[in-house]
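Novice: The following comprises the amino acid sequence and a computationally predicted model.
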Amino acid sequence: MHWIMWIFWGFFAAIIIGAYLVDRLSSRNYNLTHKKTMNQVAAQVNSDREVDRYNNQLF
């Protein structure tokens, strides 16, 4: 039973150490924001148009 505890806590330790190493190796140079592509913009416009059309049909 003792080995199960080591596996359990070792898993969490590995996650924390791995996250720290990724943070250090990447020097925290990650960008979570990005510009939308033309395809994404077109899809959003088309989706908005469909929603407006559906809302107008209800009332």
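Specialist: That came through fine.
Novice: Okay, now the unreliable bits of this protein?
Specialist: The model of the chain has pLDDT under 70 over residues 57-59.
Novice: one more time with 80
Specialist: 1, 28-34, 53-59 (pLDDT under 80).
Novice: Could you point out the longest helix of it?
Specialist: helix 2-25 (DSSP state H).
Novice: Could I have the CA atoms of that helix written out in CSV?
Specialist: What follows is helix 2-25, C-alpha atoms only, in CSV (Å, rounded to 0.1, in the frame of the first residue of the first chain):
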residue,chain,number,x,y,z
HIS,A,2,2.9,2.3,0.7
TRP,A,3,4.0,2.3,-3.0
ILE,A,4,0.5,3.6,-4.1
MET,A,5,1.1,6.7,-2.0
TRP,A,6,4.4,7.3,-3.7
ILE,A,7,2.8,7.0,-7.1
PHE,A,8,0.0,9.3,-6.2
TRP,A,9,2.1,12.1,-4.8
GLY,A,10,4.8,11.5,-7.3
PHE,A,11,2.3,12.2,-10.1
PHE,A,12,1.5,15.6,-8.6
ALA,A,13,5.1,16.4,-8.0
ALA,A,14,6.0,15.5,-11.6
ILE,A,15,3.2,17.9,-12.8
ILE,A,16,4.4,20.8,-10.7
ILE,A,17,8.1,20.2,-11.6
GLY,A,18,7.2,19.9,-15.3
ALA,A,19,5.2,23.1,-15.2
TYR,A,20,8.1,24.9,-13.5
LEU,A,21,10.6,23.6,-16.1
VAL,A,22,8.4,24.6,-19.0
ASP,A,23,8.0,28.0,-17.4
ARG,A,24,11.8,28.4,-17.1
LEU,A,25,12.8,27.0,-20.4
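Novice: All set now, cheers.
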